[in-house]
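> quick one, fold the following:
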Amino acid sequence: MSERIEFVDVTLRDGHQSLWAERMTTGMMLPMVERLDRAGFIGLEVLSPSFIGKCVRDLHEDPIERIRLLAKRGGRTPMRVNGGGLNLFGSDQQSMVELFWRVMAAAGIQEVRVSDSWNDPKVWALRAGAAAAAGVRPIINITYSISPRHTDQYYIERTQAAVKLKPFRLCLKDPGGLLTPERTRTLVPLMLQHAAGIPIEMHTHCSTGLGPLCVLEAVQQGIRIVNTSLPPLADDASLPSLFNVAANLRAMGYETNIDEDSLRPVSRHFTTIARREGFPIGEPVAYDYSQYIHQIPGGMISNLRNQLREVGAEDRLPAAMQEAVQVRAEYGFPIMVTPLSQFVGSQAAVNVMTGQRYAQVTDQSIRYALGHFGGDVETLMDPAVRARILDRPRARELAAVEFQQLSEAQIRRDLGAEGVSEDDLLLRYLLRKDDIERMRASPTGSGPVKEYDTEGDAMVSLISELSRLAGGNTVRISKPGFSLTLGKGAP
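All right, here's what the predicted structure looks like:
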């Protein structure tokens, strides 16, 4: 009898975070939630903490109400969050992490993939413990990276440390798409050997073009749960396509148990939205070996380009990417994920723009060197570089700031939020009060959600697509007894 491979869908979280910059609205999601919920997935990933700011500030939507609406429309498949930390200022306020999970659990979240930028077991324990206390099942991400530090022994030790926390599952997380089939073949058996029977999920991106192959190799090595996305929010910087992975697994003799026919309308729905709104459509990418050298995430490359463009130095982007390789080595080879990757990239850009390495440093670099963002930086960082970063008045000023754990009551008093709900307290802690007020005052933040209709308007979709293809030219549609002409100055 063939073995069954289980799937977790990340279309509504990592898919649109990777390709649509978190611009998918609640109204775009709701029409398809029931199909996703009934398709046979064992998990639906729907939120990252970064979505909260995007929802409130840019979309003028209540992110907590989004979860409630998705849970109400679904209900069969566990919904999950990826993240688990709220280290806005370098360290978690544990009382707020606990509040976050109470709010998420009450809204309908049942699982979380807990991450730490350093794969630090102490941080995993705090975040996973807070989620579990609220009734949310923790899945510990063990994030993959390439450096002299990230050896087989490193991943054996991290797997053993994660197992001691007794999580619901583990996850081999490869956000940079850095795994190769060859590395997958050696790493997965080692992790499974030391996982004490705890299931391991596979989560890899397609940034280097090898994501689908790595998923298939992981299954052959014993992984039985894989994360995928649905086109048009698959491939490219996102995760492998469910349809591609499932078809290949069946050809290899595995059972998939996903109702793919019910999911094709989901892909059509989001493809229509992408075309109307001008959002990217994920495409398979060509193999790019340079990604393994600089390890800079795709979104961060665009930020680097913008930084350099602002000072008229966009042509220095290749030099900044090469400088990032050196900065990362001097910083002790941090994993290139948020927020550490941004610190490395920003400092590399400053070094290139000034023409003098570390003559000017960002506050984030100073706080990194002080250990505010975790990691054994005293041991890992190049001693001369760390000394140079900290030998300046601003470093002494930041070193004098002492982080204190505050109770929820203290935070309520500080925010003037003594009488507000837990939902509003969480938003006040994470965001500015005037941003929240603008969201509450907007139609999208105060009224019923308007669902994005892509089904009953074939003519609208046709005209929209023809207009996009025609550019500034005239569009004419005619049939016997009917004629429609669209264009600037058209009669």
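> any idea how far the residue nearest in space to the middle of the chain is from residue 81?
Nearest to the centroid of the C-alpha atoms of the chain, with distances taken as Cα atoms, centre = their mean, sits residue 14, at 4.9 Å. In this view, residue 14 and residue 81 are 12 Å apart by Cβ to Cβ, to the nearest Å. The C-beta positions use only the backbone N, C-alpha and C, and glycine is treated the same way.
> thinking again about what came up before, helix or strand: which one has the closest residue to the residue nearest to the centre of the chain other than its chain neighbours?
Closest residue in space to residue 14, ignoring its immediate chain neighbours: residue 239 at 6.0 Å, by Cβ to Cβ, 6 or more residues apart in numbering. Here residue 239 is covered by no helix or strand, with elements defined by DSSP states H and E.
> give me the neighbour count for residue 239.
The local packing of residue 239 (other Cβ atoms under 10 Å) involves 34 other residues.
> right, and residue 169 touches residue 198 too?
Yes: judged on Cβ atoms under 8 Å, residue 169 makes contact with residue 198 at a distance of 6.3 Å.
> so the closest residue to residue 340 other than its chain neighbours, which state does it fall into?
Nearest residue to residue 340, sequence neighbours excluded (Cβ to Cβ, 6+ apart): residue 334, at 4.1 Å. Three-state assignment for residue 334 (DSSP: H, G, I helix; E, B strand; the rest coil): coil.
> roughly how far does residue 334 sit from residue 361?
16 Å.
> between these two, tell me which one has more neighbours.
Legend: neighbour count by other Cβ under 10 Å for residue 334 and residue 361, higher for residue 334 (25 against 22).
> distance check, that one against residue 326.
Applying Cβ to Cβ to residue 334 and residue 326 gives a distance of 13 Å.
> so residue 484, which of the three states?
Classified using three-state DSSP, residue 484 is strand.
> please name the nearest non-neighbouring residue to it.
residue 477 is the one closest to residue 484 (Cβ to Cβ, 6+ apart), at 4.6 Å.
> any regions of the stretch 201-350 of the chain where pLDDT drops low?
Scanning the stretch 201-350 of the chain for pLDDT under 70 picks out 298-299, 302-303.
> how about the strands in it?
Listed in chain order, the strands of the stretch 201-350 of the chain (DSSP state E, counting those that start in this stretch) span residues 225-228.
> for it, what spans make up the helices?
211-220, 242-251, 260-277, 290-294, 298-310, 317-330, 340-354 (DSSP state H, counting those that start in this stretch).
> quick one, domains of this structure?
The chain is divided into the following domains under automatic domain parsing: 6-277, 290-399, 459-491.
> check contacts around the residue nearest to residue 117 when sequence neighbours are not counted.
Take residue 117 and drop its neighbours on the chain: the residue closest to it by Cβ to Cβ, 6+ apart is residue 340, 4.8 Å away. The neighbours of residue 340, taking Cβ atoms under 8 Å, 6 or more residues apart in numbering as the test, are 117-118, 331, 334, 368, 373.
> what of residue 455?
By Cβ under 8 Å, 6+ apart, the neighbours of residue 455 are 31, 269.
> same question for residue 148.
residue 333 are the contacts of residue 148 under Cβ under 8 Å, 6+ apart.
> and for residue 45?
8-10, 12-14, 79-82, 113, 227.
> whichever helix or strand it is part of pairs with which strands, and in what direction?
Using DSSP H and E, residue 45 falls within strand 43-47. According to DSSP bridges, strand 43-47 forms sheet pairs with strand 6-9 (parallel), strand 79-83 (parallel).
> for residue 273, which of the ones you listed is the nearest?
In terms of Cβ to Cβ, the element of these nearest to residue 273 is strand 6-9, at 17.0 Å.
> gap between that closest one and the chain center?
16 Å (Cα atoms, centre = their mean, to the nearest Å).
> which other residues reach that strand?
Outside strand 6-9, the residues touching it (Cβ under 8 Å, 6+ apart) are 36, 39-45, 80, 201, 224-230, 242, 246, 256-258.
> what's the PyMOL syntax to select whichever of the residues you listed are buried?
Only the buried entries of the contacts of strand 6-9 go into this PyMOL selection, using 16 or more other Cβ atoms under 10 Å:
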select buried, resi 36+39+40+41+43+44+45+80+201+224+225+226+227+228+229+230+242+246+256+258
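> re earlier: return a ChimeraX selection command for the buried portion of the contacts of residue 45.
Applying 16+ other Cβ under 10 Å to the contacts of residue 45, the buried members can be selected in ChimeraX as follows:
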select :8,9,10,12,13,14,79,80,81,82,113,227
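> export the contacts of residue 45 to TSV and append columns for distance to residue 264.
TSV is the format used below for the contacts of residue 45 (distance: Cβ to Cβ, whole Å):
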residue	distance to residue 264
8	19
9	14
10	18
12	17
13	21
14	20
79	22
80	24
81	27
82	26
113	27
227	20
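> and stretch 428-448, how far apart are its ends?
22 Å (Cα to Cα, to the nearest Å).
> could you pull out the strands in the stretch 51-200 of the chain for me?
According to DSSP E, counting those that start in this stretch, the strands that the stretch 51-200 of the chain contains are 79-83, 109-114, 137-143, 169-174, 200-204.
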